[in-house]
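Q: quick one, what's the 3D model for this:
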Amino acid sequence: MECCNHFGLLQTVYQNKQFSVRPELPGLFRYFDWLPVSETIPTTACPITFQNKNISKTVGLPNLWFTFTGWAPEIGAYAKTGSFKELEAYPTLSRAPHTQSIVVASAGNTGRAFAQACTETGASVVLLVPETSLDSLWTVTPAGPNIKLIAVSGDYSDAIRLSEKLCASDGFVSEGGAKNVARRDGMGTVMLNAAETIGRLPNRYFQAVGSGTGGIAAWEASKRLIQDGRFGSSLPKLHLIQNQPFTPMFSAWKRGSRDINASDFSDSSIASVYSPVLTNRTPPYGIPGGVFDAMCACGGDISAVDNSSAKESFRIFENETGIDLDPAAAVAFAGLIQAAENGIVCANETIVLNLTGGGFKKIEEDLGKIPIDVAAAVSSEFSANELKEVLK
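A: The predicted model follows:
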């Protein structure tokens, strides 16, 4: 997942330079030729791109497209955990070694997606999740003994640090985070689906970010589509949105800096956001090939919205579509509304808004939610050996 001689992000190079679709394959594997996998896994998760004329009229953007990954059968969306993290989990499992346990640190959505995928495939996974996020960990089919959920005292970053300790031990392998090309190219299927549906690359791409990996993935997928030659020759401008008051990338970008400073966020800000999954203290921002480079290549902006704006965008979207958005998706929609109100986007531009999750009420009705039992609760200061003893 990384080069021992270079600390930047590796990028995939595919033999097939032309964008092609394999509709006979399950879910997101319809984009098999641009995924770093050699086999598929049964899944129904795939992005769906659509328009809503009422919302477009309300925000004054007639060429606004939503690309949604969640549960909304009425529009053909079948991500069982209601999150686009399923787009990352299934390609990762397709590449993962079967002799080791995958270790995932999560604030909710990623852990839930890997839990569901591992429940279906039988792969072994250790989920390290902050105690405050345990309510977000469930599956729609009963989780087996191959799913180990560990509650960590502290926040998302504490879970990440503990996962790094565990992955230094034999028998455990990290899912890779932003360095995992399968995760990034899985997320890149959002841009592929948008281009397939619209017939061209958008002028602008909006998404809420905690790590910013989705923005990197959109940039990488766009470069491949430009190389194809049929979808346009200009990179979409990236508009990445953070949830105030936790805004380290927003602060660094406005400062024109590649580096995030400790003063760019506070511990108390993490507990104050509407969307906890957007609170990564160590995002791949300044690393070569990371968020800063993506922003410089594509143009656009990193902005921030407050909780009340996100909640209002949630209300607007649910009233118009009947779909309850994941808080992170509501943050993204609020960022788009803010950009439209400030005249940052033009009415004639083609815009894609990546809605990274939603449909939880319908999941409860259609599939049911089964909480995952907590195997153990541990301190964020645990050593790898202490954690391994707990896992025994």
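Q: neighbours of His98, how many?
A: Neighbour count for His98, taken as other CB atoms under 10 Å: 9. The C-beta positions use only the backbone N, C-alpha and C, and glycine is treated the same way.
Q: how near is it to Phe29?
A: Counting by CB to CB, to the nearest Å, the gap from His98 to Phe29 is 19 Å.
Q: can you check Pro276 too?
A: Counting by CB to CB - Pro276 and Phe29 are separated by 30 Å.
Q: same question for Leu336.
A: Taking CB to CB as the measure, Leu336 falls 29 Å from Phe29.
Q: these two: which is more packed in?
A: Set Leu336 next to Phe29 and count neighbours by other CB under 10 Å: Leu336 wins out with 28 against 24.
Q: hang on, Val103 is in a strand, isn't it?
A: Yes. The assignment for Val103 by DSSP: H, G, I helix; E, B strand; the rest coil puts it in a strand.
Q: verify the contact between it and Ser124 for me.
A: No. The criterion here is CB atoms under 8 Å, and Val103 misses it with Ser124 at 10.0 Å.
Q: so for those two, which sits in the more crowded spot?
A: Neighbours were counted for Val103 and for Ser124 using other CB under 10 Å; Val103 has more, 26 against 20.
Q: and the more buried one, what pLDDT?
A: Listed pLDDT for Val103 reads 94.
Q: tell me the contacts of it?
A: Counting by CB atoms under 8 Å, 6 or more residues apart in numbering, Val103 touches 125-126, 128, 163, 166-167, 172-175.
Q: and it, how far is that from Ala182?
A: In terms of CB to CB, Val103 sits 15 Å off from Ala182.
Q: so Ser303 bridges to which residues?
A: Beta-bridge partners for Ser303, by DSSP bridges, are Ile241.
Q: burial count for it?
A: Ser303 has 22 neighbouring residues, counting by other CB under 10 Å.
Q: now do the one 4 residues further on
A: Burial of Asn307 is recorded as 18 neighbouring residues (other CB under 10 Å).
Q: got the contact list for it?
A: By CB under 8 Å, 6+ apart, the contact list for Asn307 reads 243-244, 272-274.
Q: among those, name the buried ones.
A: By neighbour count, with 16 or more other CB atoms under 10 Å, the contacts of Asn307 hold 243-244, 273-274 as buried.
Q: quick one: the helices in the stretch 101-250 of the chain, in order.
A: 109-121, 156-167, 181-187, 189-198, 213-228, 248-254 (DSSP state H, counting those that start in this stretch).
Q: JSON lines please, covering those helices and showing distance to Ile363 and mean pLDDT.
A: Formatted as JSON lines, these follow (distance: least, CB to CB, whole Å; pLDDT from 0 to 100):
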{"stretch": "helix 109-121", "distance to Ile363": "11", "mean pLDDT": "96"}
{"stretch": "helix 156-167", "distance to Ile363": "23", "mean pLDDT": "90"}
{"stretch": "helix 181-187", "distance to Ile363": "21", "mean pLDDT": "98"}
{"stretch": "helix 189-198", "distance to Ile363": "20", "mean pLDDT": "98"}
{"stretch": "helix 213-228", "distance to Ile363": "22", "mean pLDDT": "98"}
{"stretch": "helix 248-254", "distance to Ile363": "30", "mean pLDDT": "97"}
